[in-house]
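Trainee: compute the structure for the input listed below.
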Amino acid sequence: MRIDFLAGGYRLRFFDRFDEETRRFEDDLRSGHTLVGPIPWPRISFWQGYRHLQSLSEGYFVLQMLRDDSERAYQMAVIERPSSLPSFKRGVISHWIPALEPEATGDQAELLKRMTELCRERTSLMSLHVHSYIPGDSALDAAEKLLQEHGFEACHPQTPAKTRIIDLRPPLEELFAQFSRKTRPKLKIKKTEEVRIAELKSREQIPALHAASNDAFHRTTAQEYNYDFESLFQTLEDFPETAAALGFFLSDDPGSPKAFVAGVASGPLFEYIMAGSRSDPRLRRHPFNQNLLWRLLEIAKARGALIFDMGGITEGGPDDPLAGISDFKRHFPGFEVSIGRERLLKLRPMRYRLFSFLQALQRGPRLRGDARSVSFIDHLPVLTRALDVYE
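Mentor: Residues are numbered from 1 along each chain as shown. So this is what the prediction gives:
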């Protein structure tokens, strides 16, 4: 699908597959960066671009917009997320970086208006969940105000609202010196005969990475986490300059990483995105977390990144499952900043209410043993099409 049209002094293009022309549009948009206060920030995040979207198994929709009289360009992408129930799909606009210059306010309003209209008319999505990704409360307030004006409501956040930022502009030796005297000896591997760090390049390592991530999540949230490692390796193969994944190996098991860390790049920004480690006493004898993250910082700086986002942090406390990892991140030099706000738009309110109701049934005892309820689920496609006609 591709729709090209003119409206209100803008050239717009809505599509579900990148080609050479649409990739070139994005590449031009990525050139340079903006400043949010003192922080250099990309104009478009990794998660909103083709280097990520093309690697996904899910569908996606992209809107590109160019203003005729100024050549100002914008892009917004929606990822199609299936739910546990057939015929109910949600749209996710992840890591959206709005342009907040005064002259771009009207453009951003037009971009949101067109995206919501096109998603209603050209997709079967029942909702849009937006995660704004820009540092500082004033910038986030402006983005939230814009979303609210277009019908997006407050919703339960799915990611931490704060992060820790490391400024990579000083020399590497100066960054190293910013760590505490206690932490500095843990950054570099000393027992090279026992352990090594190597880049992850083979899909054959995915089972070991799943095991490491599940062990890590079991220690914190008592849940498994099905991370999309296939997408990560596809990006590593197609666009190696935009991603990095490192494994921590023990010499007595050299083929299977016992811990790992991964990150992605977008312009001046490098993001820590994922890590995991096995619950293996042999591994726990080494400061593998510090070793891996320091090596990732070295890679980010070597590739020209100016800012390193360490990922979400929480306030801690006895009931916070992420308190330990947040405390670990605070041992790295840098500063904390608000980074994300989330809002929800119900594109098809009746379908969304029905989905919420059925989700509640699915979690309860009735649906699991009630044959009539299962039969009702089988007829959902007919019901949802009727709702679409009504709405």
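Trainee: so, low pLDDT: which residues of the chain?
Mentor: Filtered on pLDDT under 70, the chain yields the residue ranges 221-224, 362-391.
Trainee: how is it divided into domains?
Mentor: Listed by automatic domain parsing, the domain ranges of the chain are 2-161+341-390, 170-305.
Trainee: run the chain-centre distance for the first one.
Mentor: Mean-position distance between domain 2-161+341-390 and its chain equals 13 Å (Cα atoms, centre = their mean, to the nearest Å).
Trainee: do the same with the shortest one
Mentor: The chain centroid and the centroid of domain 170-305 are separated by 18 Å, computed with Cα atoms, centre = their mean.
Trainee: count the neighbours of Met350 for me.
Mentor: Per other Cβ atoms under 10 Å, the neighbour tally for Met350 reads 15. From N, CA and C alone the C-beta is placed, and that goes for glycine too.
Trainee: tell me the secondary structure for it?
Mentor: Taking DSSP: H, G, I helix; E, B strand; the rest coil as the rule, one finds Met350 in the helix state.
Trainee: can you give me the distance of it to Pro82?
Mentor: 19 Å (Cβ to Cβ, to the nearest Å).
Trainee: thinking again about what came up before, right, so of the domains of the chain, which gets closest to Gly312?
Mentor: domain 2-161+341-390 (2.9 Å; Cβ to Cβ).
Trainee: returning to what we had before: just put the domains of the chain in CSV and tack on distance to Phe335.
Mentor: Rendered in CSV, the data for these read as follows (distance: least, Cβ to Cβ, whole Å):
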stretch, distance to Phe335
domain 2-161+341-390, 9
domain 170-305, 12
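Trainee: wait, which of those domains is closest to Phe332?
Mentor: Comparison of these against Phe332 by Cβ to Cβ identifies domain 170-305 as nearest, at 7.1 Å.
Trainee: need the distance between the two termini of that closest one.
Mentor: 11 Å (Cα to Cα, to the nearest Å).
Trainee: got it, and stretch 335-350?
Mentor: Start and end residues of stretch 335-350 are separated by 44 Å (Cα to Cα).
Trainee: what does stretch 298-313 give?
Mentor: Distance across stretch 298-313, first residue to last, is 22 Å (Cα to Cα).
Trainee: Gly324: which of the domains of the chain is closest?
Mentor: Closest among these, using Cβ to Cβ: domain 170-305, at 6.9 Å.
Trainee: Ser326: which of the domains of the chain is closest?
Mentor: Nearest to Ser326, of these and by Cβ to Cβ, is domain 2-161+341-390 at 8.1 Å.
Trainee: how about residues contacting the longest helix seen in the chain?
Mentor: Determined from DSSP state H, the single longest helix within the chain is helix 105-122. Residues outside helix 105-122 that contact it (Cβ atoms under 8 Å, 6 or more residues apart in numbering): 1, 3, 7-8, 10, 12, 14, 61, 63, 65, 67, 72, 74, 76, 78, 91, 93, 98-100, 125, 128, 146-147, 149-151, 345, 347-348.
Trainee: check those residues for burial and list the buried ones.
Mentor: The neighbour count (16 or more other Cβ atoms under 10 Å) marks 10, 12, 14, 61, 63, 65, 67, 72, 74, 76, 78, 91, 93, 98-100, 125, 128, 146-147, 150, 345, 347-348 as buried among these.
Trainee: from these, which land in strands?
Mentor: Counting by DSSP state E, the buried ones among the contacts of helix 105-122 place 10, 12, 14, 61, 63, 65, 67, 74, 76, 78, 91, 93, 125, 128, 345 in strands.
Trainee: of all these, which two lie farthest apart?
Mentor: Arg67 and Leu125 (26.2 Å).
Trainee: with only the CA atoms kept, save the longest helix of the chain in CSV.
Mentor: Extracted C-alpha coordinates of helix 105-122, given in CSV (Å, rounded to 0.1, in the frame of the first residue of the first chain):
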residue,chain,number,x,y,z
THR,A,105,4.2,23.6,16.0
GLY,A,106,1.6,23.7,13.2
ASP,A,107,3.4,21.1,11.2
GLN,A,108,3.4,18.7,14.2
ALA,A,109,-0.4,19.2,14.6
GLU,A,110,-0.9,18.5,10.9
LEU,A,111,1.3,15.3,11.1
LEU,A,112,-0.8,14.0,14.1
LYS,A,113,-4.1,14.9,12.4
ARG,A,114,-3.2,13.1,9.2
MET,A,115,-1.8,10.0,10.9
THR,A,116,-4.9,9.5,13.0
GLU,A,117,-7.2,10.0,10.0
LEU,A,118,-5.2,7.6,7.9
CYS,A,119,-5.1,5.0,10.6
ARG,A,120,-8.9,5.2,11.0
GLU,A,121,-9.5,5.0,7.3
ARG,A,122,-6.8,2.7,6.0
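Trainee: ok, Gly247 - contacts?
Mentor: Ile197, Ala198, Glu199, Leu200, Gln205, Ala208, Leu209, Pro257, Ala259, Phe260.
Trainee: need phi/psi at the fourth one.
Mentor: The reference is to Leu200. Backbone torsions for Leu200, taken as degrees, to the nearest 10, come to phi -90, psi 120.
Trainee: do you know how far it is from Leu283?
Mentor: Separation of Leu200 from Leu283 (Cβ to Cβ) stands at 16 Å.
Trainee: ditto for the second one
Mentor: Distance from Ala198 to Leu283, counting by Cβ to Cβ: 15 Å.
Trainee: pick out whichever of the two has more residues nearby.
Mentor: Legend: neighbour count by other Cβ under 10 Å for Ala198 and Leu283, higher for Leu283 (20 against 13).
Trainee: looks like the more buried one contacts Asn289 (just checking).
Mentor: No. Counting by Cβ atoms under 8 Å, Asn289 is not a contact partner of Leu283; they are 10.2 Å apart.
Trainee: now for those two: what residues contact both?
Mentor: When contacts are counted by Cβ under 8 Å, 6+ apart, Leu283 and Asn289 have Ala259, Ser277 as shared neighbours.
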